[in-house]
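Peer 1: Task: produce atomic coordinates for the following.
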Amino acid sequence: MKRVAVIGAGASGLCCARHLSRFPETFQFTVYEQSEQVGGVWVYSNPTPGKIPKDVRDIVKSCEPNRIPFHSTMYKHLRTNLPKEIMLFPGFPFNDHLPSFVHHTDVRSYLEKYTEHYKLDRFIQPGKLVDCVSPLPQTSADQIDSVRWSVSTQGLSTGQRASEEFDFVLICNGHYFAPHVPQLRGLSSFPRPVIHSSWYKEPEPFKHQSVLVVGAGPSGMDLVIDLAAHARVVYLCSRVTPKSKVPENVQKLPGISELKEDGRVCFENGEERSVDCVVLATGYLYSYPFLSEESGIKVVEGKRVTHLYKHTFNVAHPSMAVVGVNSGLIPFPTFDLQVQWIVRVWRGMNALPPKQEMIRDVDAVYESRLQDGLPPHRAGHYLGDKRWEFNEQLSQLGGIEPPPPVVRPLYDLVREQRACDVATYRDNTFTIINNKEFSYS
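Peer 2: Next up is the predicted model:
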């Protein structure tokens, strides 16, 4: 019997629990979750309704690097940017009566039902913060399970500390909680509130204000639409100008050159604007503050986790794996493929290549993404159009059935619609006809 520690009870952690529970004769496992409920990033809380969140500069100053306290990064009006017809866990659909693009509360409910259906509650220890994961002395350099792990936890309500030993560790803490705050000239002395999108909750506090949103990725575009209905004007700042239609009170601007002490913002084209608030939709950093230096996993400038074979297995110690490190993918079905492969490897059904071969593969993939034109901060784990190739690799490695062919054309259509009009693409309803065909209205 092998003991497994699963860190996090969000979507990826629950997926791990579901597949580990299929083999009770092989695995005994515990899921540690620092909050009191399952769902991870999909759990919404608004501790200060009607108020502008605390300035991100104050939060970063008060915390150790990469140790930003966990908080809900969900905002009040968020709906998924992928239709439920393709973002489901295989074999476990969303309710038919829901629209294709569901509200975040529906996703949380979906994950709670997933937990109930597969009877996963019995494996979850809520309110337990994992604060240290460290390898125990190695007994054999050639065995995949030769490195065992010490996992230390703290009960957040009781303060009680404990340490247990495990044969395997699955890291499922996600990567949407440690905010990336860019080094903007004049940021420290800028007199207006500067918040990160991870603390944004609702648009009402910004009524009649001029708001600058920095970043035109998925979250930035969503917040622009959310804010536009309440703010006087919204400035969308990005080095790459988005083509999507935006509301009339939204102005597109290039990158920032400087923030002034009088509240003005200077842009790279020489224009200036006075703003009441800045919202940084600038993404997140990878953060594993509980991992010891001996774990073998390193985070490079918050943007790349290395060395992870196929973005999954810790090359130094393959008895540790990370689920969901990638961006630019369809999360839930990819998690499912990834976890099934991990479980097969740890059951001895599949073998991993030798360590040096895995390192060469990791480095070659990274270099190829740089040659594709991705900047270093995205080349590590952003999949983009490589998402289909990655899914196929996982399917082949684990001997697992891949997602049905209909997923790709449906995804591509949604992406085209989102790029055209970010305010209305969620109005469409999709219907899967069969494994290759869909319709929408």
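Peer 1: How are the helices of the stretch 151-300 of the chain distributed by residue range?
Peer 2: For the stretch 151-300 of the chain, applying DSSP state H, counting those that start in this stretch gives helices covering 218-228.
Peer 1: all strands for it, in order.
Peer 2: Under the criterion DSSP state E, counting those that start in this stretch, strands of the stretch 151-300 of the chain are mapped to 161-166, 168-171, 178-179, 194-196, 210-214, 233-237, 250-253, 256-259, 264-267, 272-274, 277-280, 284-285, 298-300.
Peer 1: winner for burial among these?
Peer 2: Neighbour counts (mean count of other C-beta atoms under 10 Å) averaged over each of those peak at strand 168-171, with a mean of 26. Every C-beta, even on glycine, is put in place using the N, C-alpha and C of the backbone.
Peer 1: neighbouring strands for it, and are they parallel or not?
Peer 2: In the sheet, strand 168-171 lines up against strand 2-7 (parallel), strand 320-322 (parallel) (DSSP bridges).
Peer 1: For Lys51, find the nearest of those strands.
Peer 2: Smallest distance to Lys51 across those (C-beta to C-beta): 32.2 Å, for strand 2-7.
Peer 1: what is the orientation angle of that closest one with strand 161-166?
Peer 2: Computed by axes from the mean of the first three to the mean of the last three C-alpha atoms, to 10 degrees, the angle separating strand 2-7 from strand 161-166 equals 130 degrees.
Peer 1: List of residues touching strand 2-7?
Peer 2: Here strand 2-7 makes contact (C-beta atoms under 8 Å, 6 or more residues apart in numbering) with 13, 16-17, 20, 26-32, 123, 130, 133, 145, 149, 151, 164-173, 290, 346.
Peer 1: And stretch 104-121, by the same measure?
Peer 2: By C-beta under 8 Å, 6+ apart, the residues outside stretch 104-121 that reach it are 10-11, 14, 17-18, 21, 31, 38-39, 42-44, 74, 78-80, 84, 88-89, 92, 94-95, 98, 102, 124.
Peer 1: Helices - which of the residues you listed land there?
Peer 2: 11, 14, 17-18 (DSSP state H).
Peer 1: top of those by neighbour count?
Peer 2: Taking other C-beta atoms under 10 Å to define a neighbour, the member of the ones in helices among the contacts of stretch 104-121 with the most is Leu14, carrying 30 neighbours.
Peer 1: Ser21 and Phe123 touch, don't they?
Peer 2: Yes: at 6.9 Å, Ser21 counts as touching Phe123 under the criterion of C-beta atoms under 8 Å.
Peer 1: Quick one: distance of stretch 413-424 to the chain centre.
Peer 2: 21 Å (C-alpha atoms, centre = their mean, to the nearest Å).
Peer 1: on that earlier part again, intersection of neighbour lists for Ser21 and Phe123?
Peer 2: Phe29.
Peer 1: Which one's more surrounded, these two?
Peer 2: Phe123 (22 against 15).
Peer 1: Now do the contacts for the more buried one.
Peer 2: 6, 17, 20-21, 29-31.
Peer 1: got it, and Leu82?
Peer 2: Leu82 makes contact with 101, 330, 411, 414 under the criterion C-beta under 8 Å, 6+ apart.
Peer 1: Select from these the one having the most neighbours.
Peer 2: Using other C-beta under 10 Å as the neighbour criterion, Val414 leads the contacts of Leu82 with 22 neighbours.
Peer 1: for that one, phi and psi?
Peer 2: The main-chain torsion angles of Val414 are listed as degrees, to the nearest 10 and equal phi -60, psi -40.
Peer 1: Next: Val365.
Peer 2: Main-chain dihedrals, Val365, degrees, to the nearest 10: phi -60, psi -40.
Peer 1: show me the contacts for the residue of the chain most remote from its centre.
Peer 2: Residue farthest from the centre of the chain, counting by C-alpha atoms, centre = their mean, is Asp262 at 35.8 Å. Residues near Asp262 by C-beta under 8 Å, 6+ apart: 191, 274.
Peer 1: Next one: it from Val240, what distance?
Peer 2: Distance check for Asp262 against Val240: by C-beta to C-beta, to the nearest Å, it reads 28 Å.
Peer 1: got it, and Phe267?
Peer 2: Following C-beta to C-beta, the distance that separates Phe267 from Val240 is 14 Å.
Peer 1: Just to be sure, Gln340 is in a strand?
Peer 2: No: per DSSP: H, G, I helix; E, B strand; the rest coil, Gln340 lies outside any strand segment and is helix.
Peer 1: Next up, the contacts around it.
Peer 2: Counting by C-beta under 8 Å, 6+ apart, Gln340 makes contact with 19, 398, 400.
Peer 1: Send me the helix or strand of the chain with the lowest mean pLDDT as CSV with only the CA atoms.
Peer 2: Ranked by mean pLDDT, DSSP states H and E, the weakest helix or strand in the chain is helix 56-61, scoring a mean of 84. Taking Å, rounded to 0.1, in the frame of the first residue of the first chain, the C-alpha atoms of helix 56-61 are listed here in CSV:
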residue,chain,number,x,y,z
VAL,A,56,-1.5,45.6,-3.9
ARG,A,57,1.7,47.5,-3.1
ASP,A,58,0.8,47.4,0.6
ILE,A,59,0.0,43.7,0.4
VAL,A,60,3.3,42.8,-1.3
LYS,A,61,5.3,44.9,1.2
